[in-house]
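J.: Coordinates only, no sequence provided:
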């Protein structure tokens, strides 16, 4: 809806399907299979990938091929931004050897969730980040922060905005270039989005925010609408909506990249992504998983994918 | 997020599961089964039902029990607002005999869809409404309008806002008390919502608007967010997201009442609905259909339905 003279506002989408998606799926893919999915994503314009996690292969077999995956992506195309989660110094070293552009350091805003997730107190996690930050100095590898359970915790319920703001300040002090707020179990709501974004802009004004919503309760894209209203221009999503929710079996997890890109395109925003190609990539992901994925646009098709009158049964008084 | 002194803004939700939902499901329910679902909905606070359609039973066997359904609902509880679709004068007569509070007259903004749906030109449909309006005079039964394909047509693609506005004006002239804009195949987008609501407020300023979105492309609740931003306070939804999309097999249809109510409650709006009881009603609907329904909140549970730490497998470095 913008005039040709006015450039459309750009939104950055980081594709997390290869990491957050696959980490939470039952099917383990080979590096080649993951690469086939990555190619389909690149064909759709994806250039920013959360590519893998350098955790212990015993802990996460699905991502045991972290270094190989990084190498394969690098060979595939230049100009990509590849980030990877690292849980500790050893992981950071492996990630740097593998040629990441940025490492993602993650901690939960909730003590219970951090304990369950990484077996550490929040303060211990943050202290560990200091070591990693020193390791990265002068390497050109950027540090990104990620706060899990930033909008609520499946064990503790509500999570205070103070807890989230304190961690954000620590990441700012560490020289983080970006901070992602993770809606780990889909507990974000539009008012919470407003509260947290507003507060963090005050606590860490020079730290760009990324919103990572889950669609567990069906309001992932409603939360994106609130983010857009607040001027947040970075989001994370997973192709097809890969990655379920370990806390609520049967529930969905990440918002689907193709659904997000569709919404943003229709809002007149520039993503650099091709929705039709994303639908193909979602199909690829679904085939690899051997199950239908929760994304909606991939089932319905593009908005102007028309039906031929005679292929549709006569509706009978629809309104 | 409102203070106790300030009443929360009210949003009206019309439950269309018994009509729009069931009309687009493969399983045909008995009147008793429908009533069991209606009871669960009433227990959740639902008081406005689009209860049935007085179309020919041969055309829509799922709603052949229209008169019996109306009678059963009336016996069940007083203070309900029961509306029913009527395709013609005969349907309107049956509806009035059955004791409806309002009849819903529907027409498509797209000629192709109207032809497919009711085998009539739009102008013919509108002319037929004149007869029905005269029939209703002095009866106390209200007339409501519904415009299908108000945001796009599966056959023609984009639908002009002029076409929608013209029909809205006709409904206003007929004395309609409400007008619903139907997103028949999930082609609504936030900019289209803004365009149509703004234009119709100009074309028919005294005609309250109701927005009926479909989640076919995953953005049903994002469109609701836009409606709320525009101050629209009436929405239609279907329990569990009952009712698929005949135009895109596998795609979802109506937005789920429990998901909508959850969003509105979290936005601090007053719906009169109990989300936990809606989740139960959605479970009932799913049992009756013998299939899982697309609603998300019913799978995930309420926002503060917490997990016990030890029932959840240790996550392995989630962010």
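T.: Perfect, thanks for sending it. Please read all numbers here as calculations on a predicted model, not as lab measurements.

J.: shaky segments in chain A?
T.: The model of chain A has pLDDT under 70 over residues A:1-6, A:308-319.

J.: residue nearest the centroid of it?
T.: For chain A, the residue sitting closest to the mean C-alpha position, by C-alpha atoms, centre = their mean, is residue A:236 at 3.2 Å.

J.: for that one, helix, strand, or coil?
T.: At residue A:236 the chain is in strand, as set by DSSP: H, G, I helix; E, B strand; the rest coil.

J.: how many other residues sit next to the nearest residue to it once chain neighbours are set aside?
T.: Across the structure, with C-beta to C-beta, 6 or more residues apart in numbering or on different chains as the measure, the residue nearest residue A:236 apart from its sequence neighbours is residue A:212 (3.9 Å). (C-beta placed from N, C-alpha, C; glycine too.) For residue A:212, the neighbour count with other C-beta atoms under 10 Å in any protein chain shown is 27.

J.: Give me the phi and psi angles of residue A:212.
T.: Note on residue A:212: its backbone torsions stand at phi -120, psi 90 [degrees, to the nearest 10].

J.: how big is the angle separating the host helix or strand of residue A:223 from helix B:220-229?
T.: According to DSSP states H and E, residue A:223 maps onto helix A:220-229. Computed with axes from the mean of the first three to the mean of the last three C-alpha atoms, to 10 degrees, the direction of helix A:220-229 lies at 40 degrees from that of helix B:220-229.

J.: buried sites along helix A:220-229?
T.: By neighbour count on 16 or more other C-beta atoms under 10 Å in any protein chain shown, the buried set for helix A:220-229 is A:220, A:221, A:222, A:223, A:224, A:225, A:226, A:227, A:228.

J.: One more: stretch A:293-307?
T.: Neighbour-count burial for stretch A:293-307, with 16+ other C-beta under 10 Å as criterion, is recorded at A:293, A:294, A:295, A:296, A:297, A:298, A:299, A:300, A:301, A:303, A:306, A:307.

J.: As a markdown table, these with distance to chain B would be great.
T.: Formatted as a markdown table, the entries for the buried residues of stretch A:293-307 read as follows, by distance: C-beta to the nearest C-beta, whole Å:
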| residue | distance to chain B |
| --- | --- |
| A:293 | 12 |
| A:294 | 9 |
| A:295 | 7 |
| A:296 | 3 |
| A:297 | 5 |
| A:298 | 9 |
| A:299 | 5 |
| A:300 | 4 |
| A:301 | 6 |
| A:303 | 5 |
| A:306 | 6 |
| A:307 | 5 |
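
J.: Out of the residues you listed, list just those in helices.
T.: Using DSSP state H, the subset of these located in helices is A:297, A:298, A:299, A:300.

J.: what about residue A:116, which SS state?
T.: Counting by three-state DSSP, the backbone at residue A:116 sits in helix.

J.: From residue A:156, how far off is it?
T.: The gap separating residue A:116 from residue A:156 is 11 Å, by C-beta to C-beta, to the nearest Å.

J.: and if you look at residue A:234?
T.: Shown here: residue A:234 relative to residue A:156, a distance of 27 Å by C-beta to C-beta.

J.: Can you show me the helices along the stretch 151-300 of chain A?
T.: A:161-173, A:190-203, A:220-229, A:257-266, A:275-289, A:297-300 (DSSP state H, counting those that start in this stretch).

J.: what packs against the fourth one?
T.: Helix A:257-266 makes packing contacts with strand A:12-15, helix A:220-229, strand A:234-237, helix A:275-289, helix A:297-300, helix B:190-203 when contacts are defined by 3 or more C-beta pairs under 8 Å, 6 or more residues apart in numbering or on different chains; DSSP states H and E.

J.: same question, the longest one
T.: Of the remaining helices and strands, those touching helix A:275-289 by 3+ C-beta pairs under 8 Å, 6+ apart are helix A:31-43, helix A:257-266, helix A:297-300.
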